[in-house]
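Trainee: Give me the fold of what follows.
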Amino acid sequence: MGEALELGRVTDRRPPFKYSALARVWFSDTDAQGVVYYGRYLPYFDHARTEYHRHVARFRCDGAEFVMRALDVEYVAPARFDDLLELFVRIRRIGTSSVTYECAAYRLPDDLEMVTATQTLVLVDLESRRPIRVPDELRDRIRAFEGIDLEA
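Mentor: Take a look at the predicted model:
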């Protein structure tokens, strides 16, 4: 088993997104109406973001971690048990201490848009719990992957 297994992939299916991951809707993700409970999309997007990190830059900063600062979600259509979702993720902007992601979930195989989200995470020092600058090495890796689609 020489090749690393990945749960996400580089894609050109939905520009400006360059990365996606797949998720299957489990029965436990649905509510009494038989549709995905709205809060379950956040773990789906966490999964896609984690795979994106693994692929692009490993996103490890000694003594610091990214924490959620803001989240905006728009629900477009309901997903149901056993639906297959393709979760697109990209970094739209890098600030001084923050990173803003754009996410979108589409049902396969019909490619119906289900949910979109914007997430802003801030890099904080673990000891002081105060924001710190996103390291240049990480910025460079993100810029190399996102290219011209990354906002200045």
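Trainee: So what touches the longest helix seen in the chain?
Mentor: Criterion DSSP state H: the longest helix present in the chain is helix 41-56. Helix 41-56 is contacted from outside by 6-8, 10, 19-21, 23, 59, 71, 73, 75, 85, 87-91, 101, 103, 105, 114-115, 117, 119, 141-142, 145, using Cβ atoms under 8 Å, 6 or more residues apart in numbering. Bear in mind the C-beta positions are built from the backbone N, C-alpha and C, glycine included.
Trainee: which intervals of the chain have sub-threshold pLDDT?
Mentor: 1-5, 152 (pLDDT under 70).
Trainee: Which residue ranges of it form helices?
Mentor: Going by DSSP H, the chain shows helices at 41-56, 136-146.
Trainee: CA atoms only: put the longest one into PDB for me.
Mentor: Read that as helix 41-56. Only the C-alpha atoms of helix 41-56 are listed here, as PDB (Å, rounded to 0.1, in the frame of the first residue of the first chain):
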ATOM      1  CA  TYR A  41     -23.800  20.300   7.200                       C
ATOM      2  CA  LEU A  42     -21.200  21.800   9.500                       C
ATOM      3  CA  PRO A  43     -19.500  18.400  10.100                       C
ATOM      4  CA  TYR A  44     -19.700  17.700   6.300                       C
ATOM      5  CA  PHE A  45     -17.900  21.000   5.600                       C
ATOM      6  CA  ASP A  46     -15.400  20.300   8.500                       C
ATOM      7  CA  HIS A  47     -14.600  17.000   6.700                       C
ATOM      8  CA  ALA A  48     -14.000  18.800   3.400                       C
ATOM      9  CA  ARG A  49     -11.900  21.500   5.000                       C
ATOM     10  CA  THR A  50      -9.800  19.000   6.900                       C
ATOM     11  CA  GLU A  51      -9.100  17.100   3.700                       C
ATOM     12  CA  TYR A  52      -8.300  20.300   1.900                       C
ATOM     13  CA  HIS A  53      -5.800  21.100   4.700                       C
ATOM     14  CA  ARG A  54      -4.200  17.700   4.400                       C
ATOM     15  CA  HIS A  55      -3.800  18.100   0.700                       C
ATOM     16  CA  VAL A  56      -2.700  21.800   0.500                       C
END
